[in-house]
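Asks: My questions concern the predicted model and sequence given below.
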Amino acid sequence: MAGVTTNDIKRLTGYAHGGGCACKIPPGELEAVVAGLTGSGVPQGPGELLVGLDDGDDAAVVRIAAGTAIVATADFFTPVVDDAYDWGRIAATNALSDVYAMGGAPVVAVNLLAWPRDLLPMELAAEVLRGGLDVGRAAGCHVAGGHSVDDPEPKYGMAVTGVADPAKLLRNDAGVAGIPLTLTKPLGIGVLNSRHKRTGEVFPQAVAAMTELNRAACEAAVEAGVVCATDVTGFGLLGHLHKLARASGVTARVAAQAVPYLEGARQALAQGYVSGGTKRNLDWVRPHLDPATLGEDELLLLADAQTSGGLLIAGEIPGYPVIGELVPARADGVTLEVR
């Protein structure tokens, strides 16, 4: 790229105001924006909408035949790590996760790329796209084309289409009291990414977690007959669990000491590497939260804004930790009990 040398380029995360899923619009604001879009009339066209905007589930689902539904989603974000190839892998893994969170299998993805072409070499953009392509291949998902724009802030992700059996969907409104809660990836990605952004330290354990496909967990859940799940991303464990409990008409009880964390997460928290997104997550759920005697630091970890986190499954899946259970809804409107 003319006029720009390697010495002119700062760290990739330095071009972003936030990082990964922590740069999401806060959940309360987002719900207010889309509130008027739910319950609209049914369009004249093929298919039957099974999952839409009503409960803020992970993807849209349309039944197109007796045993086949299309799962559609899109997800993109600013750089969460400085390595362009790893950022591409993380963003693609995160986008595919929404299909797995519905019990589906991704079929085809198209790239969504925003790039500051006057600030960053296009060779770096190629590395981002290469990372996304490699994840698509590992998932058995076609990656074909996409869309790009010139943007002052780099962003990357994918629009993904998958398929699922409409009788075996994983929905966030299908939870019932008495069912255990399983988490398939440790928390702490957010605080480690915040530390990486501010210090440049690299945390391979965080990159490994963010690039681990949720395919095996999805397949195990569907095989076990699970009907309720979501994934844990930008709204944190507490935020996504609140949405699940609210949609299902139950209360979620979390055993804080059973929740797994990545190595170094607690240290990063103690040193103050907490994103604004994490703080907003906790503020959003606090009116619906009975934290017992849990301290603020523990609550911040539970609200930590994850990027490409694991599945939160209403059911017990062998090989993954049980972190709580669903219990009957409380009369006071509390959806989250943390002990």
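Replies: Great, that's in hand. Numbering: from 1, shown residues only.

Asks: how about the strands in the stretch 51-200 of the chain?
Replies: Assigned by DSSP state E, counting those that start in this stretch, the strands in the stretch 51-200 of the chain fall at 60-65, 68-77, 105-115, 142-150, 155-164, 180-183.

Asks: Nearest to K10, out of the ones you listed?
Replies: Evaluated over the strands of the stretch 51-200 of the chain, closeness to K10 peaks at strand 105-115, with 15.4 Å, by C-beta to C-beta. Yep, even glycine has a C-beta here, placed from its N, CA and C like the rest.

Asks: just checking, what packs against that closest one?
Replies: When contacts are defined as 3 or more C-beta pairs under 8 Å, 6 or more residues apart in numbering; DSSP states H and E, strand 105-115 packs onto strand 68-77, helix 84-100, helix 122-139, strand 142-150, strand 155-164.

Asks: what number of residues lie near A292?
Replies: Applying other C-beta atoms under 10 Å, we find 9 other residues in the vicinity of A292.

Asks: Figure out how far stretch 111-124 is from the centre of its chain.
Replies: Stretch 111-124 sits 24 Å away from the centroid of its parent chain (C-alpha atoms, centre = their mean, to the nearest Å).

Asks: Quick one: end-to-end length of that stretch, please.
Replies: 15 Å (C-alpha to C-alpha, to the nearest Å).

Asks: Quick one: residues in contact with that stretch.
Replies: 1, 4, 9, 12, 15, 74, 76, 84, 125, 128-129, 132, 143, 145-159 (C-beta atoms under 8 Å, 6 or more residues apart in numbering).

Asks: Now, of the residues you listed, which are buried?
Replies: Buried residues within these, counting neighbours by 16 or more other C-beta atoms under 10 Å: 12, 15, 74, 76, 84, 125, 128-129, 132, 143, 146, 154-159.

Asks: Of all the residues in stretch 283-297, which ones are buried?
Replies: Under 16+ other C-beta under 10 Å, the buried positions of stretch 283-297 are W284, V285, H288, L289, P291.

Asks: so how far is that stretch from its chain's centroid?
Replies: That offset, for stretch 283-297, works out to 21 Å (C-alpha atoms, centre = their mean).

Asks: Give the rounded mean pLDDT of it.
Replies: Summarised as a single mean, pLDDT over stretch 283-297 is 94.

Asks: returning to what we had before: wait, which of the strands of the stretch 51-200 of the chain is closest to R171?
Replies: Nearest to R171 among the strands of the stretch 51-200 of the chain is strand 60-65 (8.4 Å), distances taken as C-beta to C-beta.
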